[in-house]
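Peer 1: need a structure here:
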Amino acid sequence: MTRLSPTALGDLDPRVAVPTYNHARVTAGIAHIGVGGFHRSHQAVYIDDLLNQGQAQDWGIVGIGVLPHDAAMRDALTEQDCLYTVLTNHPDGTVEARVVGSIIDFLHAPDDAEAVLELLTSPEIRIVSLTITEGGYSSDPATGALVVSPALAADLVPGATLTTAFGFIVEALARRRTAGTPPFTVMSCDNIQGNGALARQTITEFARLRDPELADWIAAEVAFPNSMVDRITPVATDADRSMLSTSFGMYDAWPVVCEPYSQWVLEDEFSSGRPPLEDAGVQIVPDVAAYELMKLRLLNAGHQVLGFLGYLAGHRFVHEAAQDPDFVAFLSGYLEHEGSPTLAPLPGVDLAAYRHQLLERFANPHVADTLARLCAESSDRVPAFLLPVIRHQLEHGGELHRSALVVAAWARYAEGQDEQGAPIEIVDQRREAVTARALQSREDPAAFLADESIFGDLAASPGFADAFTEALTVLRRGGAREAVRKSTPKIDPEDRHRATPR
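Peer 2: From the prediction side, this is the model:
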């Protein structure tokens, strides 16, 4: 078995695609905070595509981990000179293996915060990109305003050792301003509507707490393009590493597993230049909003639609739920009658085809994405993906009973026990509060909706609150499958194609 390293590339199985460029000669142009599976299957692959074309040699990526647990990624990457393998799993069972070399270094901030600042103040770094998750922006879900966490407050203390992404970004921008170095672009790649606008708001608000003049300079000089990113990337498992060893005869400490589909739509707003991303298939557009909403309210919300209900019914993988006729019909109904009506027309996009493609992607058994992953951090994801759909439908008198059932299923899931009595591990930074409200909702369904920081004024809307209460009652009495069936209208056999994939 061959251990992945620059010197071993020529010894790998010829079926494994390897970089055609000299990894050692690539220089840094991008610093990326939050190196995980998605970044390595998505943005880093696009840059790798450019490098393989002989372009963007000065746009290599330096990964930055700001959390203590990022030490695991540091160790996995540095022992392989930052090379790693992307395993693309096709629906027919075919697996493509590719070594990616666009990440050229990795810095772990808890090891050396000053080294991170030196990187971020270097003129060569012209983009700082982010995948710090929906909750990483420390913003109020209802208003988008900055919430100053204890970690952010600590980063505001003069001379403090920085620990947060915003602390590093603002300090680096302050140093660049003082030195007369042009600012870098802050490019969010997180699944948030208006991710660039949110990054701008939270970073400038944080900077204003430190220095109002610095905040004004950031607002005027720093670009924050919005983007839409899409590629299903489940967590790599020991089985994936074993398959890489067995099928391709190589060892990789932390490969990435993903689906074939990939999309990146990006606004052309940059402070100090950018690589020619359009040559790698990135859609460069003046306004990403319509693309963003399509993905958030169909794919991401669709994941929430399957997640809680599928798990409660006994499924553990996305493809299991996405191949179950009851859940396919329910998800199809949500996509067509609740998610799609909230979207503005998008020239050149066939929404019916997009919905059908989503059903096929979710049903890919070889991606093996877990429902537990989709259910994690729900107090961030449900407000970002599903609640906007409910608000739109309330305002326009549209259907919302399926969405209400999904929120009810979140309440049932958050109790921490499935329908067979097995414990559920709740992964959510608000776990204690969410679980407490879920347990209270056994006696008073409205208790689950009482947190205004998540639901805003939805609890006061009879159109939603009544639908939620009814759905929760059905869910508790008959279980998830029965609730899904009751929420799905009977389909005439001649019209069944309207609710199932073809």
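
Peer 1: any weak-confidence spans in the protein?
Peer 2: For the chain, the stretches with pLDDT under 70 are 142, 490-502.

Peer 1: Got the domain ranges for it?
Peer 2: 2-285, 289-498 (automatic domain parsing).

Peer 1: so how many other residues sit close to R231?
Peer 2: Around R231 there are 20 other residues, counting by other CB atoms under 10 Å. Every residue, glycine included, has its C-beta placed from N, CA and C.

Peer 1: show me the contacts for the closest residue in space to it that isn't next to it in sequence.
Peer 2: Setting aside the residues directly before and after it, R231 is nearest to S262 in space (CB to CB, 6 or more residues apart in numbering), at 4.4 Å. S262 makes contact with S41, H42, V45, D230, R231, G281 under the criterion CB atoms under 8 Å, 6 or more residues apart in numbering.

Peer 1: what's the closest of those residues to A174?
Peer 2: H42 (30.1 Å; CB to CB).

Peer 1: tell me which strands and helices the top helix by length along the chain is in contact with?
Peer 2: Counting by DSSP state H, the longest helix found in the chain is helix 462-487. Judged by 3 or more CB pairs under 8 Å, 6 or more residues apart in numbering; DSSP states H and E, the packing partners of helix 462-487 are helix 301-312, helix 325-334, helix 387-396, helix 401-414.

Peer 1: angle of that helix against helix 401-414?
Peer 2: 90 degrees (axes from the mean of the first three to the mean of the last three CA atoms, to 10 degrees).

Peer 1: quick revisit: can you pick out the ones from the contacts of S262 that are in helices?
Peer 2: Going by DSSP H, the helices hold S41, V45 from those.

Peer 1: I'd like the contacts of S262 as CSV, with distance to H23 appended.
Peer 2: Shown next, in CSV, are those (distance: CB to CB, whole Å):
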residue, distance to H23
S41, 19
H42, 19
V45, 15
D230, 27
R231, 23
G281, 22
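
Peer 1: pretty sure L472 is touching P445, no?
Peer 2: Yes. The pair L472 / P445 is scored as a contact, 5.1 Å apart, by CB atoms under 8 Å.

Peer 1: Which one's more surrounded, the two?
Peer 2: More crowded of L472 and P445, by other CB under 10 Å: L472, with 23 against 20.

Peer 1: Apart from its chain neighbours, what residue comes closest to the more buried one?
Peer 2: Distances taken as CB to CB, 6+ apart put A408 closest to L472, at 4.0 Å, once the chain neighbours are dropped.

Peer 1: With H69 as the reference, measure out to that neighbour.
Peer 2: Separation of A408 from H69 (CB to CB, to the nearest Å): 33 Å.

Peer 1: More neighbours: which of those two?
Peer 2: A408 (27 against 8).

Peer 1: In contact with that one: list those residues for me.
Peer 2: F468, A471, L472, L475, A483.

Peer 1: can those residues go into TSV with extra columns for distance to P383?
Peer 2: Formatted as TSV, the contacts of A408 follow (distance: CB to CB, whole Å):
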residue	distance to P383
F468	15
A471	18
L472	18
L475	21
A483	22
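
Peer 1: which of those tops the neighbour count?
Peer 2: Of the contacts of A408, with other CB under 10 Å as the count, F468 tops at 29 neighbours.

Peer 1: roughly how far is the longest helix of the chain from the heart of the chain?
Peer 2: On the basis of CA atoms, centre = their mean, to the nearest Å, helix 462-487 sits 28 Å off its chain's mean C-alpha point.

Peer 1: what about the residue lying closest to D451 once chain neighbours are set aside, how many neighbours?
Peer 2: Spatial nearest neighbour of D451, chain neighbours left out: R437 (6.5 Å); criterion: CB to CB, 6+ apart. For R437, the neighbour count with other CB under 10 Å is 20.
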